[in-house]
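Colleague: fold the following.
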Amino acid sequence: MAQKSKIEWTETTWNPITGCTKISEGCTNCYAEVMARRLCAMGQPKYKNGFNVTLHPQCLDEPLKYKKPHLIFVCSMSDLFHKDVPDEYIQKVFETMNKAGQHTFQILTKRSERLRKMSPKLNWTPNIWAGVTVESGKQKIRIPDLTATGAKIKWLSVEPLLTAIDDLPTDGIDWVVVGGESGPKARPMKEEWVLPIRDKCLETGTAFYFKQWGGLNKKVAGNLLQGEKWEQMKAIFNDESITDIPEENIDNIINKTDSVHISDNSFDSDTTKLLERLNKLEVENNNMRNKLNEMFNNITVPEELKNDTAIPPTEPDIESLVNEFLNSEESITGRHFKEFNTEATLMVSFGI
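Modeller: Okay, the predicted model is just below:
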């Protein structure tokens, strides 16, 4: 049975490869790297090599075991066209996708040159979509490589959108997904960067999907663009060349609004719940840290005490104050912070 993913534009993930290396500015805060290192620390066998590129031939036939049709994101924890993945192995991945005609596979890569070079050697059955990431105007150079492939459906992931992109090429592109970066180190995305992309898609009849604003709390930021949801996707499935995709599957994908979560088919439901719990606690504690930093930074010394010799002549170590407060048994926030650390330790201890 396939493990459901909370990535809004797909239904499940398939990772016959894990691990990657940074290649462009969109990789700076890679979610997959953070997740892989965490899973390695938890003792997950599939991630024993951390984020080093690792082949998993035992996973090649996983999609063939799914009875119902699925929309599958290929290599959510890697890049299928990474230089360390042999040509022969990529062809084996394609062979599985060719056999599993009941499923639709979404490939996404930043290695567009290799994608283009290998395209003639691959069997592009109609159920295989090819996409490239275009996180900035600089990366528009990947689009001609994509359009030169034999993929029936070609799409762009404009996520994380880091800069304005002047006149994004959409000729020959079937679908564009736009989203802001999320997480503690998220770089902001501006509305004026998004609107021209949406308008260009409307002009050229390209399906447009606005995934999220991102930020530290992406659920709060939401996915409304000028007060509206943009989740165009059915137009792609209406193509007669894509068959056996139940309408309810498409509706489920389009209507998802939860935050991004990378699920691996090797996880059981208990592990997934624990990871979600850990992610939630991590976000909450980051919020606490930000509030405490702001509080301590706003502390001022009264004028009458500024010359008191008992007052230290140097600025307080804000980070030390925050850590001391968070680790205090007497405070609710301290106990909450310990809950986060204890739960993470237990997950590692039990090999979850």
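Colleague: please make it C-alpha for all contacts and neighbour counts, starting now.
Modeller: Fine.
Colleague: the closest residue to residue 192 other than its chain neighbours: neighbouring residues, count only.
Modeller: Nearest residue to residue 192 in three dimensions, chain neighbours excluded: residue 164, at 7.7 Å (C-alpha to C-alpha, 6 or more residues apart in numbering). The number of residues packed around residue 164, counting by other C-alpha atoms under 10 Å, is 19.
Colleague: cool, and the one 3 residues further on?
Modeller: Under the neighbour criterion other C-alpha under 10 Å, residue 167 is assigned a count of 11.
Colleague: that one sits in which helix or strand?
Modeller: Assigned by DSSP states H and E, residue 167 falls within no helix or strand.
Colleague: so it versus residue 155, what's the distance?
Modeller: Residue 167 sits 16 Å away from residue 155, going by C-alpha to C-alpha, to the nearest Å.
Colleague: likewise for residue 16?
Modeller: With distances taken as C-alpha to C-alpha, residue 16 is found 22 Å from residue 155.
Colleague: cool, residue 20 as well?
Modeller: Summarising the geometry, the distance separating residue 20 from residue 155, computed by C-alpha to C-alpha, is 21 Å.
Colleague: between the two, who's got more neighbours?
Modeller: Neighbours of residue 20 and residue 155, each counted by other C-alpha under 10 Å, are more numerous for residue 155; the result is 26 against 22.
Colleague: that one bridge partners, please.
Modeller: Partner residues in beta bridges with residue 155, using DSSP bridges, are residue 131, residue 175.
Colleague: check contacts around it.
Modeller: Contact partners of residue 155, counting by C-alpha atoms under 8 Å, 6 or more residues apart in numbering, are 129, 130, 131, 132, 173, 174, 175, 176, 177.
Colleague: go ahead and confirm the second one touches residue 108.
Modeller: So that's residue 130. Yes: here residue 130 lies in contact with residue 108, judged by C-alpha atoms under 8 Å, at a distance of 6.2 Å.
Colleague: so between those two, which is more surrounded?
Modeller: Between residue 130 and residue 108, counted using other C-alpha under 10 Å, residue 108 has the larger neighbour count: 25 against 21.
Colleague: which other helices and strands does whichever strand or helix holds that one contact?
Modeller: Taking DSSP H and E as the criterion, the element that holds residue 108 is strand 104-109. Packed against strand 104-109, as judged by 3 or more C-alpha pairs under 8 Å, 6 or more residues apart in numbering; DSSP states H and E, are the following elements: strand 71-74, strand 128-133.
Colleague: try 10 Å this time
Modeller: For strand 104-109, the helices and strands in contact under the criterion 3 or more C-alpha pairs under 10 Å, 6 or more residues apart in numbering; DSSP states H and E are strand 12-14, strand 71-74, helix 87-99, strand 128-133, strand 153-158.
Colleague: turn those into TSV, columns for mean pLDDT and distance to residue 30.
Modeller: As requested, the helices and strands packed on strand 104-109 are arranged in TSV below (pLDDT from 0 to 100; distance: least, C-alpha to C-alpha, whole Å):
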stretch	mean pLDDT	distance to residue 30
strand 12-14	96	17
strand 71-74	97	17
helix 87-99	98	23
strand 128-133	98	13
strand 153-158	98	15
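Colleague: now for those, which one comes closest to residue 34?
Modeller: The closest of those to residue 34 is strand 12-14. By C-alpha to C-alpha, the value is 17.2 Å.
Colleague: contact partners of the helix or strand following the closest one?
Modeller: For strand 12-14, the succeeding helix or strand toward the C-terminus, using DSSP H and E, is strand 17-18. Residues from elsewhere that reach strand 17-18, judged by C-alpha atoms under 10 Å, 6 or more residues apart in numbering: 32-33, 36, 46-47, 49-57, 59-60, 74-80, 82, 85, 89-90, 93.
Colleague: one more pass at 7 Å, please.
Modeller: Surrounding strand 17-18, the residues in contact under the criterion C-alpha atoms under 7 Å, 6 or more residues apart in numbering are 51, 53, 54, 55, 56, 75, 77, 78.
Colleague: quick check: buried residues in the following helix or strand past it?
Modeller: Later in the chain than strand 17-18, the nearest helix or strand by DSSP H and E is helix 31-41. Going by neighbour count (16 or more other C-alpha atoms under 10 Å), the buried part of helix 31-41 is 31, 32, 33, 35, 36, 37, 38, 39, 40, 41.
Colleague: and what of stretch 224-234?
Modeller: Buried positions in stretch 224-234, judged by neighbour count with 16+ other C-alpha under 10 Å: 225, 230, 231, 232, 233.
Colleague: please apply the same query to stretch 68-83.
Modeller: The neighbour-count check on stretch 68-83 (16+ other C-alpha under 10 Å) flags 69-82 as buried.
Colleague: can I get the residues you listed in CSV with distance to residue 185?
Modeller: Supplementary listing: those in CSV, determined by distance: C-alpha to C-alpha, whole Å:
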residue, distance to residue 185
69, 36
70, 33
71, 30
72, 28
73, 25
74, 26
75, 24
76, 20
77, 19
78, 21
79, 22
80, 26
81, 27
82, 25
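Colleague: pick out whichever of these sits closest to residue 142.
Modeller: Proximity of the buried residues of stretch 68-83 to residue 142 was ranked by C-alpha to C-alpha; the top entry is residue 81 with 13.2 Å.
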